[in-house]
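[1] the following comprises the amino acid sequence and a computationally predicted model.
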Protein chains: 2
Amino acid sequence: MTMTPRSSHSPNSRAGGRPGRRTGISEATVARLPVYLRVLTSLAESGVSTVSSEVLANAAGVGPAKLRKDLSHLGSYGTRGVGYDVEFLVYQISRALGLTQHYSVVIVGVGNLGQALAGYAGFGTRGFRVVGLLDADRARVGSLIAGIEVRHSDELETIISEHDVSIGVIATPAGAAQDVCDRLVGAGVTSVLNFAPVVLSVPDDVDVRKVDLSIELQILAFHEQRKSLVEQEAVG
Amino acid sequence: MTMTPRSSHSPNSRAGGRPGRRTGISEATVARLPVYLRVLTSLAESGVSTVSSEVLANAAGVGPAKLRKDLSHLGSYGTRGVGYDVEFLVYQISRALGLTQHYSVVIVGVGNLGQALAGYAGFGTRGFRVVGLLDADRARVGSLIAGIEVRHSDELETIISEHDVSIGVIATPAGAAQDVCDRLVGAGVTSVLNFAPVVLSVPDDVDVRKVDLSIELQILAFHEQRKSLVEQEAVG
DNA sequence: ACGCGCTTGTGAAGATGTGCACAAAACGGT
DNA sequence: ACCGTTTTGTGCACATCTTCACAAGCGCGT
Ligand SMILES: NC(=O)c1ccc[n+]([C@@H]2O[C@H](COP(=O)([O-])OP(=O)(O)OC[C@H]3O[C@@H](n4cnc5c(N)ncnc54)[C@H](O)[C@@H]3O)[C@@H](O)[C@H]2O)c1
Ligand SMILES: NC(=O)c1ccc[n+]([C@@H]2O[C@H](COP(=O)([O-])OP(=O)(O)OC[C@H]3O[C@@H](n4cnc5c(N)ncnc54)[C@H](O)[C@@H]3O)[C@@H](O)[C@H]2O)c1
């Protein structure tokens, strides 16, 4: 058998991501801001009021120059010769990331992973609230997980419109993921976090991010191999 | 209080990742190869024997040019006018990623997430074997999860050297992660997959990859905000 | 008031990653 | 044997990301 060209759904869209579209904040920077935010929050809790780019960069695992450039995209919020005011920076980063708003989240697929996610405290660090746990398995429906009742996935559309859900988390088996995704999008969800090992097709205005354990392992395997080759070479 | 420069552990190292160090395969490409591999495996199971860059690219969610360039880094394994032989490409990508070897993995922290990971079938897609589940909580020690007995984390060093473990997965609370990481590295682990929301410090020869749910959500939040701003603007 | 030391913010250079467009190669039909 | 069709592999231009290096700005001590 030989396959002929045929797009899976749409000619695959990896929405949103197109960078400098409107804001001056680049994708790479956006991915690091949450790290800075976490470090800063932790510093604030330790009573630190001011921090230099050097210290913050070290704690965040990046170089000081990169950190300063990242922050400079939000505005000029540091003081030369002094550093950054921790609380002020926390606020500015939160605002830049849109964390001053609140987001309702549904989790679809309440198996091993979905349950862990549902109970994940750090979920609601700021702004995120799980308003629905959905599963297709009627045996699971009705049970309470982390204080939230599991509902049947038939109710997906209802729950999404009732709670104005903008973020959907997919933790179903791979086979169901695209269907679930289509339903989420159809019901108005515009951001999807996908844990299933499949490439999702979505319209251009929908953002998808994936978390894929086996990809991560394979990347580590690649580097392991590289190391062992280098090692062997050093010996031989 | 004001913080003065002091590195958290080492002057933070984000090991390995330095790209074109030895192999001609770039980091960006390495991150996509597992996706191609998954699609190809699935095609092979459907009885597809040959695939064009266009079809494969669509299924993998990338452009055809990028796909071809990625594959060209492994060698010239396509046939002009025809496409790629699916099985052969599966083999070549597996080899490039180092999946022809086997890797032993330990999971440290068998809470909600650790249990889900332990039971994750797709774990051993190819090459990865979980040889240890470790937890500090004696109440959990001895229980069986996915057929593997949970051992106390005191045995970490023993298990790692006995099974020649090269990959460690950290699923402990954030507070314990750096300690666990240090012990893993001390015992000889050279790749770490970290689920705890902290930046780990490791020596240069150790690779760390992180999976961070709350960062993913915050990135989605940023784009949600961007969308709603654009929308508002279109109205106003 | 002034100079000194510190740290930010950023221009410019370098490195990496992406997408286009096309020549080169393979196949099939005649 | 040859031609037309298809699809790869890649040179090149462009875009994005990173790193360097330093002038500008700020606070403090004198
Ligand atoms: N367990 C892990 O550690 C892990 C890690 C990485 C990725 N994943 C992926 O996450 C997904 C879930 O993994 P899991 O271990 O929780 O699997 P699981 O089988 O334990 O849970 C899947 C759940 O989804 C439900 N479901 C199935 N079809 C559905 C549908 N159409 N609508 C709503 N719910 C539906 C099932 O009833 C079940 O409860 C899988 O795609 C898996 O590959 C899991
Ligand atoms: N649950 C999730 O969905 C989720 C999602 C993303 C990230 N995380 C992160 O993953 C980690 C684990 O989450 P969880 O929900 O499974 O937490 P959990 O509390 O259910 O499990 C943590 C486990 O680690 C064990 N532990 C504690 N200290 C240890 C040590 N020093 N050595 C070995 N084991 C130790 C505990 O006994 C417990 O069993 C946390 O850092 C959490 O932030 C969890």
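    Sure, I can see it. Numbers count the residues shown, from 1 in each chain, chains lettered A, B, ... in the order given. Ligands and ions are numbered 1, 2, ... in the order given.

[2] show me what the strand or helix carrying residue A:66 is packed against.
    Following DSSP states H and E, one finds residue A:66 within helix A:64-72. Applying 3 or more CB pairs under 8 Å, 6 or more residues apart in numbering or on different chains; DSSP states H and E, we find helix A:64-72 packed against helix A:27-45, helix A:53-60. Yep, even glycine has a C-beta here, placed from its N, CA and C like the rest.

[3] touching chain B at all, the longest one?
    So that's helix A:27-45. Yes: using CB under 8 Å from any CB of the partner chain, helix A:27-45 reaches chain B at A:30-31, A:33-35, A:37-39, A:43.

[4] and the longest helix anywhere in chain A, what's buried?
    When chain A is parsed with DSSP state H, its longest helix is helix A:213-235. Within helix A:213-235, the residues that count as buried by 16 or more other CB atoms under 10 Å in any protein chain shown are A:213-227.

[5] still on that earlier bit, deepest in the core, which of the helices and strands packed on helix A:64-72 is it.
    helix A:53-60 (a mean of 23; mean count of other CB atoms under 10 Å in any protein chain shown).

[6] gap between it and the chain center?
    On the basis of CA atoms, centre = their mean, to the nearest Å, helix A:53-60 is displaced by 22 Å from the centre of the chain it belongs to.

[7] how about it against DNA strand D, any contact?
    No: on the criterion CB under 7 Å from any atom of the strand, helix A:53-60 is out of touch with DNA strand D, staying 9.4 Å away.

[8] which helices and strands sit right next to that helix?
    By 3+ CB pairs under 8 Å, 6+ apart, helix A:53-60 packs against helix A:27-45, helix A:64-72, strand A:83-85.

[9] any idea how chain A splits into domains?
    A:17-97, A:102-215 (automatic domain parsing).

[10] now the longest one: average pLDDT?
    Spelled out, it's domain A:102-215. Averaging pLDDT along domain A:102-215 yields 95.

[11] ok, residue A:74 to ligand 2 distance?
    Applying CB to the nearest ligand atom, to the nearest Å, the value for residue A:74 to ligand 2 is 26 Å.

[12] SS state for that residue?
    Using DSSP: H, G, I helix; E, B strand; the rest coil, the structure places residue A:74 in coil.

[13] how many neighbours does it have?
    18 (other CB atoms under 10 Å in any protein chain shown).

[14] contacting residues for it?
    By CB atoms under 8 Å, 6 or more residues apart in numbering or on different chains, residue A:74 lies in contact with A:25, A:92-93, A:96.

[15] any residue of the longest helix of chain A up close to ligand 2?
    No: on the criterion CB under 6 Å from any ligand atom, helix A:213-235 is out of touch with ligand 2, staying 11.6 Å away.

[16] any idea which helix or strand comes after the helix holding residue A:66?
    strand A:78-79.

[17] and the helices and strands packed on helix A:53-60: which comes nearest residue A:204?
    Proximity to residue A:204 (CB to CB) singles out helix A:27-45 among the helices and strands packed on helix A:53-60, at 15.8 Å.

[18] for whatever helix or strand comes next after that closest one, packing partners?
    Next helix or strand after helix A:27-45 toward the C-terminus (DSSP H and E): strand A:50-51. Here strand A:50-51 touches strand A:83-85, helix A:86-97, going by 3+ CB pairs under 8 Å, 6+ apart.

[19] what's the closest of these to residue A:170?
    helix A:86-97 (22.2 Å).
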